[in-house]
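**Q** heads up, no residue letters with this:
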């Protein structure tokens, strides 16, 4: 997730259109949320994923 955040922050510093930056922000936030949920599922439902 740190790599995605770093890439997003680097992209925010470019001259890309504002709408592209907003869409990228929504995508990164969604991806981080999904990965956090997956990590929680793996931790709390070990039997299901083994």
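**A** Yep, that arrived. On a predicted model such as this, the values are computed, not experimentally measured, just so you know.
**Q** residues in contact with whatever helix or strand residue 6 lives in?
**A** Following DSSP states H and E, one finds residue 6 within helix 2-12. Contact with helix 2-12 is made by 21, 24-25, 28, 31-32, as judged by CB atoms under 8 Å, 6 or more residues apart in numbering. No exception for glycine: its C-beta is placed from N, CA and C like everyone else's.
**Q** try it again with 6 Å
**A** By CB atoms under 6 Å, 6 or more residues apart in numbering, the surrounding residues in contact with helix 2-12 are 21, 24, 28.
**Q** list the helices and strands the lowest-mean-pLDDT helix or strand in the chain packs on?
**A** Of all helical and strand segments in the chain, the minimum by mean pLDDT, DSSP states H and E falls on helix 46-49, at a mean of 77. On a contact count with 3 or more CB pairs under 6 Å, 6 or more residues apart in numbering; DSSP states H and E, helix 46-49 meets no helix or strand.
**Q** and with 10 Å instead?
**A** Of the remaining helices and strands, those touching helix 46-49 by 3 or more CB pairs under 10 Å, 6 or more residues apart in numbering; DSSP states H and E are helix 18-44.
**Q** and the helix it packs on, what does it pack against?
**A** helix 2-12, helix 46-49.
**Q** adding mean neighbour count and distance to residue 39, write these out as CSV.
**A** Formatted as CSV, the helices and strands packed on helix 18-44 follow (neighbours: other CB atoms under 10 Å; distance: least, CB to CB, whole Å):
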stretch, mean neighbour count, distance to residue 39
helix 2-12, 11, 14
helix 46-49, 8, 11
